[in-house]
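A.B. asks: got a predicted model here, sequence first, then my questions.
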Amino acid sequence: MTDAENGAPEEASAGSGVVPGQASPEPDAATSDAELSAGPADRAAAVAALAEQVRSVGRSADGAEGPAAEPAAAGTGGPVTDEQRAQALKATAEVLTSGGAPAQLATAAVAVFGDGAAEQLRADPWAVLALPGVRPEHADGFARGLLGPAAGPGDQRRAQALVGWLLEQATLRGHSALEIGEVAAGLERLGVPDSAAAIQAAVVDGRAMPFQEELTGAEAHAAGGDEEDEPPTRTLLALERLALAEESLADGLVRLMSTFVPGEDPAEDGDAEAEADTEADTEGDADGAPEAAEEAPAAPGPAAWEAAAAAAPSSSATALVRAAAESALVLHTGGEAARAEPAALLAAATGLGLRAWAVTWTDHGRDAFAALAPLADAPAPAPVATLAELLAGAAGPGRDADGTLALDLLIVLDAPLLDVELAATLLESLADGTRLVLSGDPGQLWSAGPGRFFADLLAAKACPAVASRTPDFGPIGELVSGIGIGELQPVEAPDKEVVILTAKDAAEAVHRAVQLLTDSIPRALGIPSEQVVLLTPGHGGGAGTRALNAAAKARLNPGPGRFGGFDPGDRVADSPAPGHTRLARVLDGDAAGLHLEYPDGSRRTVPPAEAGKLRHGWALTVHQAVGRHWPGAVVVLPDDAAAALTRQWVYTAFGRGERHLSVVHAAGPALAQAVAERPAAPRTTRLRAILAENAAESY
């Protein structure tokens, strides 16, 4: 597959020139990896020495041994007037074209660097790597266009920009940090002659932040640690925004837990303070008789919580209510059927008089959760919103005077989908002592953005965790449950709930998948095409979303694509950011843009300049499909999908169908191998280590 699975926009080209003799960004590891020229011991010693050098530079940058250089300016805050903006765009476009880069990148450059973008790019051509879709070979060609022969591979500006680019590329793979040896190896593959100096310079100017961590458990054993020796360590590099996000996230979690007292609720504390303020303000009135303050409702005590727990509809729901009564932070794990348990907690909390809300990842998930019993009998509207709606203030309880959410309890469904930056934003919005329940299926895909927030919390064992005993029923639930423990076994499906079809290659896979979508499933099972989705690992390739959508459009809604490639009636996927996808239908198009209608009946017009960000929506990647289900799902496994398959991906993909799952299988033994041997693509993060440090400091 040629594109990232998370549905990010396709890359823009920043010029075709590449420095002659320069290493390509993804060379053959057998011939290009410099570490192969040295033995393991030599390589380990070199990395250890580099780590110590960077740590010393980091200490200096923090002020322990000397001042840090100021980070490179990223602009002056942007143009103030339309005229300034127009001038900045024109000047930036001129610089870009003079270096052989597309003038269309000017808008992105001004957004990143501000109205000084032209000067920034002229002074440092490799700064173009900060723009979306630009790769090292593009930046090298642009630099040669501006600097001529002076644009050598050892230019310090190039080396420092490549450090930042490598870390940014790592975020697209889910990492919030990288081991220093990986960064050094990446620089060597890109032809940087002195990777150590490049990393040191990047730390000094603030492009990267260094951290040292002790390894524990399996990681320590793999590193050759001995119980009697000092624990082995590793040095990590992280982008500043991600380093600060994980620190903020850990601080927020600790703050909630340390300010929570069982039996006391934020609402009660706030009302007591308000009552005290009222008495103080009225004391000394002429008549000496202050107005009576409205009596605040008493916070539920242990007996009330226990009664609510005893009334819960299942043993797992009872355990969840009890955990929430005693703890500020609770983790809840389970599949789709287990969502009835946080629904029971939400009903119990509102019944106890608490300000309680639940949030989901998608509007589909919001509506499905709001329909669960006992919420179905709750007064309309149910206290359920999407996370985006809650944080934007479009739905939810509103904010208290201090800017925090007016909540006593927040239940977050789909918690594995939160990346570290979004999770940190959420924690900052919660007042001291607020109860937070994070619920999700640990077997599903992690966030499209960096980090593994929910998985790190589970591994850290920093708070109570309630594992649901409610299984997902039916043949699909049985199949997915087996995949979750690494077993791909056939299941009995008397009503054709699960169908496996083989294909010899990508072309046959596309043909079979579209036939299922347009004919077989509607005819045999009565599920209309509008309620069936095609799922595949990526956008490119012979059976990626592009190929599948083109074939589906030809069968279901043929047309010339007269509105930016779309026609009325087309299904489209609107992905404003990786991991966030809304499905819609094209109503019409005109000079104002493309008119879309969403499943909830809402409408919006996409301006012509933004229509290129839309994709057809009959076929999606699995990352685009997370947080929602369809009555029917067709999972396409092309012959070139082996590298993209993991147990986590298969588990998530196969679980998107509610009534029916078809699998068009052309991947051969790669499917079974992925389920048995590759649980998930690894991610390097810091949250678990930060939580461990905080726990150690508290003793």
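C.D. replies: On my side now, so go ahead. Because the structure is a prediction, the values reported are computed rather than measured.
A.B. asks: quick one: the helices in the stretch 451-600 of the chain?
C.D. replies: For the stretch 451-600 of the chain, the helices defined by DSSP state H, counting those that start in this stretch occupy 453-460, 474-484, 506-515, 521-525, 545-556.
A.B. asks: in CSV, list those along with distance to Val664 and mean neighbour count.
C.D. replies: Bear in mind the C-beta positions are built from the backbone N, C-alpha and C, glycine included. CSV is the format used below for these (distance: least, C-beta to C-beta, whole Å; neighbours: other C-beta atoms under 10 Å):
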stretch, distance to Val664, mean neighbour count
helix 453-460, 30, 22
helix 474-484, 16, 21
helix 506-515, 5, 21
helix 521-525, 12, 16
helix 545-556, 10, 21
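A.B. asks: Glu230: which of the ones you listed is closest?
C.D. replies: Glu230 lies closest to helix 453-460 among these, at 22.3 Å (C-beta to C-beta).
A.B. asks: now do the closest one: everything it contacts.
C.D. replies: With C-beta atoms under 8 Å, 6 or more residues apart in numbering as the test, helix 453-460 has contacts from 249, 253, 331, 333, 415-416, 418-420, 423, 438, 440, 442, 446-447, 463, 465, 685, 687-688, 691-692.
A.B. asks: what mean pLDDT does it have?
C.D. replies: The average pLDDT within helix 453-460 is 96.
A.B. asks: same check, this time on stretch 402-413
C.D. replies: Stretch 402-413 shows a mean pLDDT of 96.
A.B. asks: list of residues touching it?
C.D. replies: Counting by C-beta under 8 Å, 6+ apart, 265-267, 324, 339, 342, 345-346, 349, 354-361, 365, 369, 387, 390, 396-400, 418, 426, 429-431, 434-440 sit against stretch 402-413.
A.B. asks: cutoff 6 Å now
C.D. replies: Residues external to stretch 402-413 that are found in contact with it (C-beta atoms under 6 Å, 6 or more residues apart in numbering): 265-267, 342, 346, 349, 354-360, 397-398, 400, 429, 431, 434-439.
A.B. asks: can you list the helices of the stretch 451-600 of the chain in TSV and add distance to Ala310?
C.D. replies: Conversion of the helices of the stretch 451-600 of the chain to TSV gives the following (distance: least, C-beta to C-beta, whole Å):
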stretch	distance to Ala310
helix 453-460	27
helix 474-484	28
helix 506-515	49
helix 521-525	42
helix 545-556	49
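A.B. asks: circling back to that earlier point, mind listing which of the contacts of helix 453-460 are in strands?
C.D. replies: Those of these mapping onto strands are Leu331, Thr333, Leu438, Gly440, Ala465, per DSSP state E.
A.B. asks: tell me the contacts of the residue lying closest to the third one once chain neighbours are set aside?
C.D. replies: Counting by C-beta to C-beta, 6 or more residues apart in numbering, Ala415 is the residue found nearest to Leu438 once chain neighbours are left out, at 4.0 Å. Residues near Ala415 by C-beta under 6 Å, 6+ apart: Leu438, Ser439, Gly440, Phe454.
A.B. asks: so which of the helices of the stretch 451-600 of the chain comes closest to Thr92?
C.D. replies: Nearest to Thr92 among those is helix 545-556; the distance by C-beta to C-beta comes to 31.0 Å.
A.B. asks: any idea how far the closest residue to Gly655 other than its chain neighbours is from Gly433?
C.D. replies: The shortest distance from Gly655 to any non-neighbouring residue, by C-beta to C-beta, 6+ apart, is to Val480 (4.6 Å). Distance of Val480 to Gly433, given as C-beta to C-beta, to the nearest Å: 37 Å.
A.B. asks: okay, now the unreliable bits of the stretch 201-350 of the chain?
C.D. replies: Low-confidence segments of the stretch 201-350 of the chain (pLDDT under 70): 216-229, 263-298.
A.B. asks: circling back to that earlier point, is it possible to mark the buried ones in the contacts of stretch 402-413?
C.D. replies: Buried by 16 or more other C-beta atoms under 10 Å: 265-267, 342, 346, 349, 354-360, 397, 429, 431, 434-439, out of the contacts of stretch 402-413.
A.B. asks: distance between the ends of stretch 603-612?
C.D. replies: With C-alpha to C-alpha, to the nearest Å as the measure, stretch 603-612 spans 18 Å from end to end.
A.B. asks: distance from the chain centre to it, please.
C.D. replies: 24 Å (C-alpha atoms, centre = their mean, to the nearest Å).
A.B. asks: Val586 contacts Asp574, doesn't it?
C.D. replies: No: look at Val586 against Asp574 with C-beta atoms under 6 Å: they stay out of range, at 10.8 Å.
A.B. asks: compare neighbour counts for those two and give me the winner.
C.D. replies: The residue with more neighbours, out of Val586 and Asp574, is Val586; 24 against 19, by other C-beta atoms under 10 Å.
A.B. asks: how close does the closest residue to Arg656 other than its chain neighbours get to Leu556?
C.D. replies: The shortest distance from Arg656 to any non-neighbouring residue, by C-beta to C-beta, 6+ apart, is to Ala633 (4.3 Å). Distance, Ala633 to Leu556, using C-beta to C-beta: 17 Å.
A.B. asks: confirm Gln624 sits in a helix?
C.D. replies: Yes: judged by DSSP: H, G, I helix; E, B strand; the rest coil, Gln624 forms part of a helix.
A.B. asks: isn't it up against Leu583?
C.D. replies: No: the pair Gln624 / Leu583 is not scored as a contact, 9.0 Å apart, by C-beta under 6 Å.
A.B. asks: those two: which is more packed in?
C.D. replies: Using other C-beta under 10 Å as the criterion, Gln624 and Leu583 rank with Gln624 on top: 27 against 22.
A.B. asks: any idea how far Pro528 is from the more buried one?
C.D. replies: 21 Å.
A.B. asks: what about the stretch 51-200 of the chain, any weak spots by pLDDT?
C.D. replies: Checking the stretch 51-200 of the chain against pLDDT under 70 turns up 51-80.
A.B. asks: can you map out the strands along it?
C.D. replies: 178-179 (DSSP state E, counting those that start in this stretch).
A.B. asks: end to end on stretch 305-320, go ahead and measure it.
C.D. replies: Criterion C-alpha to C-alpha; first-to-last residue distance in stretch 305-320 is 11 Å.
A.B. asks: got it, and stretch 426-442?
C.D. replies: Its first and final residues considered, stretch 426-442 spans 20 Å by C-alpha to C-alpha.
A.B. asks: so what touches that stretch?
C.D. replies: Contacts for stretch 426-442 (C-beta under 6 Å, 6+ apart): 249, 252, 256, 259-260, 266, 324, 328-333, 335, 342, 404-405, 407, 409-416, 454.
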